[in-house]
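Peer 1: starting from these lines, generate the structure:
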Amino acid sequence: MKTLFASVLASAIVVALPAAQAADNDLAALEKAAKSEGQVNSVGMPDSWANWKDTWNDISSKYGIKHSDTDMSSAQEIAKFAAEKSNASADIGDVGAAFGPIALQKGVTQPYKPSTWDQIPDWAKDKEGHWALAYTGTIAFLVNKQLVKDIPHSWADLKKGKYVVTIGDVGIAAQAANGVLAANYALGGNEKDLKPALAFFGELAKEGRLGVTDPVIANIEKGEIAVAVVWDFNGLNYRDQIDKSRFEVLIPSDGSITSGYTTIINKYAKHPNAAKLAREYIFSDAGQTNLAKGYARPIRAEHLTLPAEIQEKLLPQAEYKNARPIADQAAWEKTSKMLPRLWQENVTINMQQ
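Peer 2: Okay, here's the model as predicted:
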């Protein structure tokens, strides 16, 4: 097994930095500059999500860099970068795959290619290094077995149930938006046409079966949510933290979506070198293993040997047989921008009747 805290190698690092910052192709200089900054402030990278806790602890102990996080959605992170500009209070964020290109288009990112860049699939990264998926997730059901006796194994099963289905805020959360796309795939739709999923959730809304509670661990633990539509890594994490016997996590058998999350480094970051060093660590063997500990599939999985106890936390591969990556990323980028309005017109309106 590769050592858990292996040193990252300096190779082919592309950075565009002012003279006061680290020089190109020099990881030692980047490390020194990051240590002198001594702080990195993140958004949307809380301890409980994908095991960011271990990565931030490692960065703190290894480099002496302090860390703080403010949890927020992908859309909120980009809006924050754009609004604060040179008064930036955040250096780095973690956003859904569809939001990486959006952040780039809005001009709020700066590039950095970690030294493991060549091991990241082309589909999972921006060629200039503005964004790159560090881990993938697949949309799953988290079922509270105390509230739901007939466990749904498909979107079709969800439709036949009597319980409330909670998907979260489709307008701002990448997890919720991908939940809609996953249902759409299962119901015969695609990235350009969300009518099947909108009709599906619209019917749930009419029946009073669509939950508006945020599917976070606190609400799930309180028993407020019967079935949540969440990323597999969140569902498995919540299940194990609360009570493994109380919940079931499964991938819907009639179709799901595999996507992921990318770090974005704020163009206006006050601690740019610390943010770049954080991305470097996230893509190292140690950082990728930390993500796997948090139930997320590392983007460099084929280049890692994960400990058996970590592999055992994950769902069997057979669960994923009908899950697929986004087929037309460009189409989904356009459609996802329209989704808040489409959701309001086809789903939310039915909750107000």
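Peer 1: not counting sequence-adjacent ones, nearest residue to G294?
Peer 2: Leaving aside its sequence neighbours, G294 sits nearest to N51 (CB to CB, 6 or more residues apart in numbering; 2.6 Å). Glycine gets a C-beta too; all of them are placed from N, C-alpha and C.
Peer 1: neighbours of that neighbour, just the number please.
Peer 2: 20 (other CB atoms under 10 Å).
Peer 1: so it makes contact with T289?
Peer 2: No - in this structure, N51 is not within contact of T289 by CB atoms under 8 Å, at 9.4 Å.
Peer 1: what about stretch 197-217, start to end distance?
Peer 2: 25 Å (CA to CA, to the nearest Å).
Peer 1: mind listing the strands for the stretch 101-250 of the chain?
Peer 2: Per DSSP state E, counting those that start in this stretch, the stretch 101-250 of the chain carries strands over the ranges 132-144, 165-166, 210-211, 227-231, 247-250.
Peer 1: could you dump these to TSV with distance to A124 and mean pLDDT?
Peer 2: TSV is the format used below for the strands of the stretch 101-250 of the chain (distance: least, CB to CB, whole Å; pLDDT from 0 to 100):
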stretch	distance to A124	mean pLDDT
strand 132-144	4	96
strand 165-166	29	98
strand 210-211	31	95
strand 227-231	16	97
strand 247-250	24	98
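Peer 1: among those strands, which is the most enclosed?
Peer 2: With neighbours defined as mean count of other CB atoms under 10 Å, those peak in mean count at strand 227-231, which reaches a mean of 28.
Peer 1: for that one, which strands pair with it and how are they oriented?
Peer 2: strand 132-144 (antiparallel), strand 165-166 (parallel) (DSSP bridges).
Peer 1: can I get those in JSON lines with distance to Q344?
Peer 2: Shown next, in JSON lines, are the strands paired with strand 227-231 (distance: least, CB to CB, whole Å):
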{"stretch": "strand 132-144", "distance to Q344": "21"}
{"stretch": "strand 165-166", "distance to Q344": "18"}
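Peer 1: what distance do you get for the spatially closest residue to P196 that is not a sequence neighbour to I151?
Peer 2: Residue nearest to P196 in three dimensions, not counting chain neighbours: L187, with 3.6 Å by CB to CB, 6+ apart. Counting by CB to CB, to the nearest Å, the gap from L187 to I151 is 20 Å.
Peer 1: kindly report the same for A103.
Peer 2: 38 Å.
Peer 1: do the same with F141
Peer 2: F141 is 8 Å from I151, by CB to CB.
Peer 1: mutual contacts of these two, please.
Peer 2: Shared contacts of F141 and I151 (CB atoms under 8 Å, 6 or more residues apart in numbering): E248, L250.
Peer 1: all helices for the stretch 151-300 of the chain, in order.
Peer 2: Along the stretch 151-300 of the chain, the segments classed as helices by DSSP state H, counting those that start in this stretch run 155-160, 174-186, 195-206, 217-221, 232-242, 272-282, 285-293.
Peer 1: arrange these in CSV, one row each, with mean pLDDT and mean neighbour count as further columns.
Peer 2: Shown next, in CSV, are the helices of the stretch 151-300 of the chain (pLDDT from 0 to 100; neighbours: other CB atoms under 10 Å):
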stretch, mean pLDDT, mean neighbour count
helix 155-160, 97, 17
helix 174-186, 95, 25
helix 195-206, 97, 20
helix 217-221, 94, 16
helix 232-242, 93, 22
helix 272-282, 98, 26
helix 285-293, 96, 24
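Peer 1: how about a markdown table for the ones you listed, with distance to I299 added?
Peer 2: A markdown table is the format used below for the helices of the stretch 151-300 of the chain (distance: least, CB to CB, whole Å):
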| stretch | distance to I299 |
| --- | --- |
| helix 155-160 | 27 |
| helix 174-186 | 16 |
| helix 195-206 | 27 |
| helix 217-221 | 25 |
| helix 232-242 | 13 |
| helix 272-282 | 10 |
| helix 285-293 | 7 |
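Peer 1: what's the closest of those to S336?
Peer 2: Closest to S336 of those is helix 174-186 (CB to CB; 5.6 Å).
Peer 1: the closest one vs helix 195-206, what angle?
Peer 2: 110 degrees (axes from the mean of the first three to the mean of the last three CA atoms, to 10 degrees).
Peer 1: may I have helix 174-186 as PDB, with CA atoms only?
Peer 2: Once non-C-alpha atoms are left out, helix 174-186 reads as follows in PDB (Å, rounded to 0.1, in the frame of the first residue of the first chain):
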ATOM      1  CA  ALA A 174     -25.500  20.800  -6.800                       C
ATOM      2  CA  GLN A 175     -26.600  17.600  -4.900                       C
ATOM      3  CA  ALA A 176     -30.300  18.500  -5.400                       C
ATOM      4  CA  ALA A 177     -29.900  19.500  -9.100                       C
ATOM      5  CA  ASN A 178     -28.100  16.200  -9.800                       C
ATOM      6  CA  GLY A 179     -30.900  14.400  -8.000                       C
ATOM      7  CA  VAL A 180     -33.300  15.800 -10.600                       C
ATOM      8  CA  LEU A 181     -31.000  14.700 -13.400                       C
ATOM      9  CA  ALA A 182     -30.700  11.200 -12.000                       C
ATOM     10  CA  ALA A 183     -34.500  10.800 -11.800                       C
ATOM     11  CA  ASN A 184     -34.700  12.300 -15.300                       C
ATOM     12  CA  TYR A 185     -32.300   9.600 -16.700                       C
ATOM     13  CA  ALA A 186     -34.300   6.800 -15.000                       C
END
